[in-house]
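[1] I need the structure of the sequence given here:
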Amino acid sequence: MAASDPVEIEPDYLISSDSHVLEPTDLWSSRLPAKLRDRAPQLPIRREDKPGATDPRDRLAAMKRDGVSMEVLFPTYALLQYGIEDPALQEACFRVYNDWIAEYSEATPGRLVGIPCISTYNIDHAIAELGRCKAMGLKGAQTWHIPPSGIEYTSDHYEPFWAAAAEMEMPINLHILTGFSYTKMARPKGVEHYRGSVELKLHDAIRILFDFIFYGVLDRHPKMKLVLVEFEIGWLPWLLQQWDYYANRFHDVNPIPIQYKPSEYFNRQIFASFINDKVGTTMIASGWGVDNCMWSNDFPHGNTSWPNSREVISRDLAHFNVTTRERLLHKTAAELYNLELAPPIHRI
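    Now for the predicted structure:
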């Protein structure tokens, strides 16, 4: 990612483990194969984007306003394309996005880490696209966080893909708002809107994490890394505590196909991002999750802490020692995605 010379890193060197781009409004209508263009996803007309969200030439200036040195990038509109039910169309849409995010990231060398979108209807195609993306310098793989009926994460459908991702050292990223859950339907208005923002989002996260742990996916693939993106973290230690308790309580009468306690799989293979989670960071202060949780600013979305991320970090993390702050703010993300650290960016 950066020059090979050693980079002197400050304690509060920031890597956002979950930032976003806003795809150009004509990305798919102009780049999809001609036979698919009449089915291209329609993006809303936008009067104004935040600087750097669409044009990479402006990204560095936006990062300087927040004092962020590197960003791990996820899409915006491609998130909704995980609900596409036509495998060929989804594959083509994701291939277009992956080409574009590679171009976008290269426009600001050493600063931006693109996560490719991978369609997993056809696993052979998914593995091929994962290899192509790795060759382009992209990191990891984003798959739907809620699969369609019939190819749930509890099935054997994904086994070759998990093995390939582990072998390629490409972490699996599950981002909110992707796949076949409440996000596939129209977002409710009024009071019910809040049910999606909190309860349904959390339900999805718990449901999928259960599948990866209790059905033995992580046990069978010990080198695989799983990343929960934008679900926050405060709920995790309580959940893992309860899973450990019941896995032990019922082990003899109802054994499960895993060797270790559920929490041990989290400690070994699972990572989670947080934006603005005072409850979660309080739990980290107790010693939980230091090596598994990663700060993010969610730029340029509505939840973003930009351009005041350092104030939020100071509020929630000021009492941590330097070693813990370094892990939460950059080291874990750098190790997870195998990044070479670029020189620090100071906020202006």
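
[2] gap between residue 289 and residue 116?
    As judged by Cβ to Cβ, to the nearest Å, residue 289 and residue 116 stand 27 Å apart. Any C-beta I mention is one placed from the backbone N, CA and C, and that applies to glycine too.

[3] likewise for residue 75?
    For residue 75, the distance to residue 116 - Cβ to Cβ - is 10 Å.

[4] now for those two: what residues contact both?
    97, 101, 142 (Cβ atoms under 8 Å, 6 or more residues apart in numbering).

[5] which helix or strand contains the second one?
    By that I understand residue 101. Assigned by DSSP states H and E, residue 101 belongs to helix 87-106.

[6] do the same with the last one
    Secondary-structure element containing residue 142, defined by DSSP H and E: strand 141-143.

[7] mean confidence score for whichever helix or strand comes after that strand?
    The first helix or strand that comes after strand 141-143 along the chain, using DSSP H and E, is helix 159-168. Mean pLDDT, helix 159-168: 98.

[8] use 37 as the first number from now on
    Will do, 37 is the new start, and the previous item becomes helix 195-204.

[9] so how far is helix 195-204 from its chain's centroid?
    Offset of helix 195-204 from its chain centre (Cα atoms, centre = their mean, to the nearest Å): 18 Å.

[10] counting contacts, what elements does it pack onto?
    Applying 3 or more Cβ pairs under 8 Å, 6 or more residues apart in numbering; DSSP states H and E, we find helix 195-204 packed against helix 159-171, helix 253-256.

[11] direction included, what does the next helix or strand along the chain from the last one pair up with?
    In other words, helix 253-256. Note on helix 253-256: by DSSP H and E, the next helix or strand toward the C-terminus is strand 262-265. Here strand 262-265 has these sheet partners by DSSP bridges: strand 208-211 (parallel), strand 306-310 (parallel).

[12] could you pull up the mean pLDDT of strand 262-265?
    For strand 262-265, mean pLDDT rounds to 98.

[13] then stretch 328-341?
    Averaged over stretch 328-341, pLDDT sits at 96.

[14] endpoint to endpoint, that stretch covers what distance?
    Stretch 328-341 has an end-to-end distance of 21 Å (criterion: Cα to Cα, to the nearest Å).

[15] helices of the stretch 187-336 of the chain, start to end?
    Applying DSSP state H, counting those that start in this stretch to the stretch 187-336 of the chain gives helices spanning 195-204, 228-230, 237-250, 253-256, 272-285, 298-305, 314-321.

[16] present these as TSV; the columns should include distance to residue 86 and mean neighbour count.
    Converted to TSV, the helices of the stretch 187-336 of the chain look like this (distance: least, Cβ to Cβ, whole Å; neighbours: other Cβ atoms under 10 Å):
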stretch	distance to residue 86	mean neighbour count
helix 195-204	32	17
helix 228-230	23	10
helix 237-250	23	19
helix 253-256	37	20
helix 272-285	30	16
helix 298-305	34	20
helix 314-321	25	17
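
[17] least reliable of these going by mean pLDDT?
    Of all these, the minimum mean pLDDT falls on helix 228-230 (a mean of 87).

[18] what sits up against that one?
    Contacts to helix 228-230, defined as Cβ under 8 Å, 6+ apart, come from residues residue 223.

[19] chain center to it: distance?
    The chain centre lies 24 Å from the centre of helix 228-230; the measure is Cα atoms, centre = their mean.

[20] stretch 257-271 now?
    In terms of Cα atoms, centre = their mean, the centre of stretch 257-271 is found 8 Å from the chain centre.

[21] and for stretch 165-181?
    The answer for stretch 165-181 is 12 Å, by Cα atoms, centre = their mean.

[22] related to what we said a few turns ago, which other residues reach the helix holding residue 137?
    With contact meaning Cβ under 8 Å, 6+ apart, helix 123-142 is reached by 57, 59-60, 63-64, 67-69, 72, 75-77, 92, 109, 111, 114, 117-118, 120, 148-155, 157-158, 161, 165, 168-169, 172-174.

[23] and these, which are buried?
    57, 59-60, 63-64, 67-68, 75-77, 92, 109, 111, 114, 117-118, 120, 148-155, 157, 161, 165, 169, 172, 174 (16 or more other Cβ atoms under 10 Å).

[24] out of those, name the ones that lie in strands.
    Judged by DSSP state E, the subset of the buried ones among the contacts of helix 123-142 located in strands is 109, 148-150.

[25] can you put the residues you listed in JSON lines and add distance to residue 225 and pLDDT?
    JSON lines is the format used below for those (distance: Cβ to Cβ, whole Å; pLDDT from 0 to 100):
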{"residue": "109", "distance to residue 225": "31", "pLDDT": "98"}
{"residue": "148", "distance to residue 225": "36", "pLDDT": "97"}
{"residue": "149", "distance to residue 225": "36", "pLDDT": "98"}
{"residue": "150", "distance to residue 225": "34", "pLDDT": "98"}
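
[26] which one of these is nearest residue 217?
    Of all those, residue 109 has the smallest distance to residue 217: 22.9 Å, by Cβ to Cβ.

[27] so how far is residue 338 from the closest one?
    For residue 109 relative to residue 338 (Cβ to Cβ), the value is 17 Å.

[28] cool, residue 59 as well?
    For residue 59 relative to residue 338 (Cβ to Cβ), the value is 17 Å.

[29] can you check residue 371 too?
    Residue 371 is 30 Å from residue 338, by Cβ to Cβ.

[30] when these two are compared, which one has more neighbours?
    Between residue 371 and residue 338, counting by other Cβ atoms under 10 Å, residue 371 is the more crowded of the two (12 against 5).
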